[in-house]
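Chemist: How does the following fold in three dimensions:
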Amino acid sequence: MIKENSCYIFSSYEDFKLYKNHSAYKKRFIQENHTIDQIDAALLKIKNKTYGVCGPSSRRINVDRLMAIPWTDVCVDCKSRSERRL
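Modeler: A predicted model of the protein is given here:
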């Protein structure tokens, strides 16, 4: 594999497949590490007795949301607002 002008040139289809698989695994690894960090933060909040409290609004997070995403630190309203800004 050669990189030219921010583009990759592969010497074979096999090299391309290896690169593609590596990229997919790397992306998944990063996502899983992010989730682990979020779970660790939720466990710390349990210890500090702040679990289930929305960070931005300080309101209680709905139990159904916590059941669906136990590591969340944002209520549905704040999450919706942040997505509308994107």
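
Chemist: Look up which helix or strand the residue lying farthest from the centre of the chain falls in, please.
Modeler: Using C-alpha atoms, centre = their mean, the residue of the chain lying farthest from its centre is residue 11. It sits 33.7 Å away. Per DSSP states H and E, residue 11 falls between elements, in no helix or strand.

Chemist: Mind exporting the C-alpha coordinates of whichever strand or helix holds residue 84 to PDB?
Modeler: Element membership for residue 84 (DSSP H and E) is helix 76-85. The C-alpha coordinates for helix 76-85 follow below in PDB (Å, rounded to 0.1, in the frame of the first residue of the first chain):
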ATOM      1  CA  VAL A  76     -34.300  12.700  26.300                       C
ATOM      2  CA  ASP A  77     -35.100  16.500  26.100                       C
ATOM      3  CA  CYS A  78     -31.500  17.500  26.300                       C
ATOM      4  CA  LYS A  79     -30.400  14.800  23.800                       C
ATOM      5  CA  SER A  80     -33.100  16.000  21.400                       C
ATOM      6  CA  ARG A  81     -32.000  19.600  21.700                       C
ATOM      7  CA  SER A  82     -28.300  18.700  21.100                       C
ATOM      8  CA  GLU A  83     -29.200  16.700  18.000                       C
ATOM      9  CA  ARG A  84     -31.300  19.600  16.600                       C
ATOM     10  CA  ARG A  85     -28.300  21.900  16.800                       C
END
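
Chemist: all numbers from here: first residue = 29
Modeler: Shifting the count to begin at 29 puts that one at helix 104-113.

Chemist: for that helix, which positions count as buried?
Modeler: 106, 107 (16 or more other C-beta atoms under 10 Å). Every residue, glycine included, has its C-beta placed from N, CA and C.
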